[in-house]
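Visitor: sharing a sequence plus its predicted fold:
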Amino acid sequence: MLTLKLPDGSTKQVPPGTRPRQVAEGIGKRLAQAAVAAKVNGEIVDLERELNDGELSFQILTEKDAEALTVLRHSCAHVMARAVMRLFPGAQLAFGPALENGFYYDIDSDPPIREEDFPRIEAEMKKIVAAAEPFERFERGTPEARALVFDMKQGYKVEHIDEELSKFPSLSFYRQGEFIDLCRGPHIPHAGKIGAFKLLSIAGAYWKNDDSRKQLQRLYGTCFFSQKDLDTYLHQLEEAKKRDHRVLGKQLRLFTISQQVGSGLILWMPKGATIRGILESFIKDELMKRGYQPVYTPHIGRLELYRTSGHFPYYRDAQFPPMYFNYIAGALDLIHYRLSAGELDADKEKQFQEWLDLAGYAAPFYRAAKTTEEKLERVHESALKLIDGIGINIPKYHEAKTHAERAAALNDWLKEQEGYLLKPMNCPHHIQIYKAEPRSYRDLPVRLAEFGTVYRFEQTGELSGMTRVRGFTQDDAHLFVTPEQIEVEVGANVDLVLFVLSSLGLNDYRVRIGTRDPESNKYVGDPADWEKAEQTLIDLVAARKMNYSVEKGEAAFYGPKIDFVVRDCIGREWQLGTVQLDYNLPKRFELEYVGADNRTHRPVMIHRAPFGSMERFMGILIEHFAGAFPLWLAPEQVRICPVSERFSDYGKKVEAELRASGLRVTGDYRPEKINYKLREASLEKVPYMVIVGEKEQTAGTVSVRDRALGEGKEAELGAMPVAELSSRLQKEIQERRIRQVSTASAGLSDTSAKFSD
RNA sequence: GCUGCUGUAGCUCAAUGGUAGAGCGCCACCUUGGUAAGGUGGAGGUUCUGGGUUCAAAUCCCAGCAGCAGCUCCA
């Protein structure tokens, strides 16, 4: 006999080999009908799985359990794949997992699946659901399993077994009618459990997320136990899209992006700039209190600076091209880059070919070149033509035998050319300020702060509103500290980030500690330093009782970091605040301070930005407040709405008084009806509306409407003297009171265990 | 960068290969009002750009640019 411990605390004895379905039937008919899967010792299993171990915790999962929905969605992915296999014979299946809000299946099909195919795929799925056939699990020894998927002509499954699953003695499959899929499970008992589903989108995704592998089609869908739940979800999704910062930014005239200026470059309009200015003052005040010193540095710096820091040319592809004074240097720079890379992938090849065409050099030969070596040879010939044709003297280039040597020769020459780079980071500039004077241990920590604008050439596919841009301003600072000061300073900065986030009511974030991946050679520095630094960060966060996850391989190349990650209205994650430890740049720039022992020591750097970037922070904030900023941030705090033009003069007098008290006020003196003016002010998310008419003018008061209270009568605060309104608002501003945040989350931000509440 | 979708008035969107439209906004006039849309009229277009097919292209084809979704990337 084996013992089952049920959720209500009771126990049940059943013979070995009993299935969860039978247990459910033993408890009650309704439970058996509602059963979707079972949770045994924390593991979710099929209802038909035989129970074998001695003492088990046991729970039947029904529609009410969130975990059941995950099982349902995974099964729905199978149903979708089955429908696709019927309509697209020969389609190859890859992976098809459940997601937080749905599921996908990666499919390789010829002809490709298109969005216009969705209706017939959905129709086929409907048939499968209506048939309500069971999901049947069976196992095969791994060699037989491989033979089975091979016979089914499922190449990706074969590859997956060969690459990762061959270490297991046996593998499980699920059969549903004619459809068999290699799958770990678990699944719902039969397809009829799927109450409502919908295909949502299709997009490319690389096989095993590896961009050197084939790109497959990822079919996204979602499903629920009931049509009502699906409708609710789709409605929430629509609501969430309404607070998209790209939509609100346009509607509320906060920012714009002009193709004339360029992709990914934000133009802050007056209202957006007002909010940003307030945020900047807010953080500046905090920094002054915390011993920071302001600095200003330029937007560009010499290439040599970034060669030393390692940013150039290491992040070459992520930067705007360098600016050389010598017009030929740009071309040789490109050639150097290609030669030093030692290979040319398809993109670089295309880019280089275009350049050759433009320059009129050797393009036909290059085009005909097949191997990397041949191509590099053509690159080399172009360099020779340039060097000899223009008459530049680089003797070492002609003597060089290999492409690597040639690259080095070019690099030597390039280093002598004056060139500049749009700064990709502020640290090299701040480092120069640190180095501008000798430093004693008594001076440390040195904390240099700047709203520093940096430029990074993000790939086109990455650009997104304000959250992923090519030019942005970090609320940056660099701390130069002794090793002993690390803990206190990092801690103080974690507290600063927490203070900033809580000041804005941004509570839905997660904390990520990025550590190095010891397998990777991306990271520089002493492993012992890394160990210590990583542990310091973990201890700090743990001591503050924060939810966090340690993520290997997420560190910066120079040190581990603590990131504060939030989600946007459609569930994408963005890093905002960050605190990073750096042992690398102090070495590269040979930073020093004189210690108490009168010997020189190397400081440690802390990079940190509580907001991250002003652009991204603003984007997230717009969505967080759905455009309805709290009073202290609202670009327009009060709008005067006279009942008719007869009261414009009184309105203007009130406007002037309120403005004199420091409030941001406007007046609507158009010959429109009061309803119309109030509607418009509400839609523009002005927090307070002031109505002035006959009564107010006579009594010397104003009637106030509070947008946060609603749309009808409930929003009326009644009449009060101007002074009273003014002091009331001043108080709200001073407290930086937050009265409403967006709730239109589409269930996208409150279901993940990673996020704290 | 890759895959797919999209690009029409300031905004949101219509328009079988056959004269480019609506609502909102804007301007003018009428209306002067009491807490979320008063009325009438008017202006506003290189249908993203460049090629091509066709008697004829917003519409079909090709290329480019841009946006959206996802993947890869993110110092």
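Guide: Yep, that arrived.
Visitor: spell out which parts of the stretch 151-300 of chain A neighbour RNA strand B.
Guide: Within the stretch 151-300 of chain A, the residues that sit near RNA strand B (Cβ under 7 Å from any atom of the strand) are A:201-206, A:209-211, A:215, A:217-218, A:220, A:244, A:246, A:250, A:257, A:259, A:263-264. Where you see a C-beta, it was placed from the backbone N, CA and C, and this is true even at glycine.
Visitor: recalculate using a threshold of 6 Å.
Guide: Residues of the stretch 151-300 of chain A lying close to RNA strand B (Cβ under 6 Å from any atom of the strand) are A:201-206, A:209, A:211, A:215, A:217-218, A:246, A:259, A:263.
Visitor: with just CA atoms, put stretch A:499-518 into CSV.
Guide: Provided in CSV are the C-alpha atoms of stretch A:499-518 (Å, rounded to 0.1, in the frame of the first residue of the first chain):
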residue,chain,number,x,y,z
PHE,A,499,14.0,54.8,-2.8
VAL,A,500,13.6,56.0,-6.4
LEU,A,501,11.4,53.1,-7.3
SER,A,502,9.2,53.4,-4.2
SER,A,503,8.9,57.2,-4.7
LEU,A,504,7.2,56.5,-8.0
GLY,A,505,5.1,53.5,-6.8
LEU,A,506,7.0,51.2,-9.1
ASN,A,507,6.6,48.1,-7.0
ASP,A,508,6.3,45.5,-9.7
TYR,A,509,9.9,44.8,-10.4
ARG,A,510,12.3,42.0,-9.9
VAL,A,511,15.9,42.0,-8.9
ARG,A,512,18.5,40.2,-11.0
ILE,A,513,22.0,39.6,-9.9
GLY,A,514,24.1,39.1,-12.9
THR,A,515,27.1,36.9,-12.3
ARG,A,516,29.8,35.7,-14.7
ASP,A,517,29.7,32.4,-16.5
PRO,A,518,32.9,30.7,-15.6
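Visitor: tell me which residues of stretch A:507-515 come out buried.
Guide: A:Asp508, A:Tyr509, A:Arg510, A:Val511, A:Arg512, A:Ile513, A:Gly514, A:Thr515 (16 or more other Cβ atoms under 10 Å).
Visitor: can you name the residues that contact the residue lying closest to the second one once chain neighbours are set aside?
Guide: Nearest-residue entry for A:Tyr509: A:Val566, 4.7 Å, with adjacent residues in sequence omitted and distances by Cβ to Cβ, 6 or more residues apart in numbering. Contacts for A:Val566 (Cβ atoms under 8 Å, 6 or more residues apart in numbering) come out as A:Leu506, A:Asp508, A:Tyr509, A:Glu573, A:Trp574, A:Leu576, A:Ile620.
Visitor: run the last query once more with 6 Å
Guide: A:Tyr509, A:Trp574, A:Leu576, A:Ile620 (Cβ atoms under 6 Å, 6 or more residues apart in numbering).
Visitor: what's the separation between the first one and RNA strand B?
Guide: Computed with Cβ to the nearest atom of the strand, to the nearest Å, the distance linking A:Tyr509 and RNA strand B is 16 Å.
Visitor: what's the pLDDT at that residue?
Guide: pLDDT, A:Tyr509: 92.
Visitor: equivalent analysis for the second one, please.
Guide: A:Trp574 carries a pLDDT score of 95 in this model.
Visitor: that one - how many residues pack around it?
Guide: For A:Trp574, the count of nearby residues is 20 (other Cβ atoms under 10 Å).
Visitor: mind listing what it touches?
Guide: A:Thr467, A:Val566, A:Arg616.
Visitor: can you check the third one too?
Guide: Listed by Cβ under 6 Å, 6+ apart, the contact partners of A:Leu576 are A:Phe564, A:Val566, A:Gly612, A:Phe617.
Visitor: how about a cut-off of 8 Å?
Guide: Taking Cβ under 8 Å, 6+ apart as the criterion, A:Leu576 is in contact with A:Leu501, A:Leu506, A:Tyr509, A:Asp563, A:Phe564, A:Val565, A:Val566, A:Phe611, A:Gly612, A:Arg616, A:Phe617, A:Ile620.
Visitor: coming back round to it: surely the residue nearest to A:Tyr509 is in a helix?
Guide: No. Assessed with DSSP: H, G, I helix; E, B strand; the rest coil, A:Val566 is strand; it does not lie in a helix.
Visitor: report the beta-bridge partners for it.
Guide: A:Tyr509, A:Trp574 (DSSP bridges).
Visitor: and it, how far from RNA strand B?
Guide: Counting by Cβ to the nearest atom of the strand - A:Val566 and RNA strand B are separated by 14 Å.
Visitor: give me the distance between that residue and A:Arg510.
Guide: 8 Å (Cβ to Cβ, to the nearest Å).
Visitor: quick check: A:Phe617 touching A:Leu279?
Guide: Yes. Contact status for A:Phe617 versus A:Leu279: in contact at 7.3 Å, counting by Cβ atoms under 8 Å.
Visitor: shared neighbours of the two, which are they?
Guide: With Cβ under 8 Å, 6+ apart, A:Phe617 and A:Leu279 have common neighbours A:Phe611.
Visitor: neighbours of the one residue in the stretch 501-650 of chain A that gets nearest to RNA strand B, how many?
Guide: Proximity of the stretch 501-650 of chain A to RNA strand B (Cβ to the nearest atom of the strand) peaks at A:Ser644, 2.8 Å away. Using other Cβ under 10 Å, A:Ser644 has 13 other residues around it.
Visitor: next: A:Arg447.
Guide: Using other Cβ under 10 Å, A:Arg447 has 20 neighbouring residues.
Visitor: give the bridge partners for it, please.
Guide: Beta-bridge partners for A:Arg447, by DSSP bridges, are A:Leu479.
Visitor: which stretches in the stretch 251-400 of chain A count as helices?
Guide: With DSSP state H, counting those that start in this stretch, the ranges of helices along the stretch 251-400 of chain A come out as A:270-289, A:303-309, A:329-341, A:346-359, A:363-368, A:372-390, A:395-399.
Visitor: please, which helix or strand holds A:Asp231?
Guide: helix A:227-242 (DSSP states H and E).
Visitor: quick one: buried residues of that helix?
Guide: A:Asp229, A:Leu230, A:Tyr233, A:Leu234, A:Gln236, A:Leu237, A:Glu239, A:Ala240.
Visitor: again, but for stretch A:141-149
Guide: A:Thr142, A:Ala145, A:Arg146, A:Leu148, A:Val149.
Visitor: so the closest residue to the third one other than its chain neighbours versus A:Gly96, what's the distance?
Guide: Here the nearest residue to A:Arg146 in space, its sequence neighbours aside, is A:Ile161; by Cβ to Cβ, 6+ apart that works out to 4.9 Å. Using Cβ to Cβ, A:Ile161 is found at 16 Å from A:Gly96.
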